[in-house]
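Enquirer: need a 3D model of the following:
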Amino acid sequence: QVQLVESGGGLVQAGGSLRLSCQVSGLTFSRVVMGWFRQGPGKEREFVATINWNGSSAYFADSVKGRFTISRDNAKNTVDLQMSNLNPEDTAVYYCAAKWTLRPMVVAGTEYDYWGQGTQVTVST
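Expert: As a prediction, the model looks like this:
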């Protein structure tokens, strides 16, 4: 059974930082592309970041570029999203997702095979 479990969400003031983590089990982690997505209140789910199988390549949404980083540890089956200089527009439920693919990265959420339950990030002014 494949499981993705996010952690690290919470309440932070604008300008602050948070680190989200996603623990993956039930699949060969080094063979999946990982992604982070978010869904803000009243908004559709949107792409945040994706990382290739060994962590050598990553791609970010323009809205988070330069503020967020993504990393993975294939020995621990985890993928992290480090978020800095947060602003209220970053308030959302953040989800990690996994995709079996030979492609280096995947942006479209509809292509992902597995999803976590999400973790809430709230940025206050």
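Enquirer: alpha carbons only for contacts and neighbour counts from here, please
Expert: Fine.
Enquirer: which residues touch stretch 56-64?
Expert: 47-52, 68, 70, 104-105 (C-alpha atoms under 8 Å, 6 or more residues apart in numbering).
Enquirer: same question but for stretch 44-53, I mixed them up
Expert: Contact with stretch 44-53 is made by 29-39, 57-61, 64, 70-72, 104-109, as judged by C-alpha under 8 Å, 6+ apart.
Enquirer: what does stretch 95-109 give?
Expert: So stretch 95-109 is in contact with 4-6, 22, 31-38, 46-47, 49-53, 57-59, 111-119, going by C-alpha under 8 Å, 6+ apart.
Enquirer: export the contacts of stretch 56-64 to a markdown table and tack on pLDDT?
Expert: Conversion of the contacts of stretch 56-64 to a markdown table gives the following (pLDDT from 0 to 100):
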| residue | pLDDT |
| --- | --- |
| Phe47 | 98 |
| Val48 | 98 |
| Ala49 | 98 |
| Thr50 | 98 |
| Ile51 | 98 |
| Asn52 | 96 |
| Phe68 | 98 |
| Ile70 | 98 |
| Pro104 | 88 |
| Met105 | 92 |
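Enquirer: top of those by number of neighbours, please.
Expert: Ranked by the number of neighbours (other C-alpha atoms under 10 Å), the contacts of stretch 56-64 place Thr50 first, at 30 neighbours.
Enquirer: the residue nearest to Gln82 when sequence neighbours are not counted: what's it in contact with?
Expert: Using C-alpha to C-alpha, 6 or more residues apart in numbering and skipping the chain neighbours, the partner closest in space to Gln82 is Arg19 (4.4 Å). For Arg19, the contact set (C-alpha under 8 Å, 6+ apart) comprises 8-9, 80-83.
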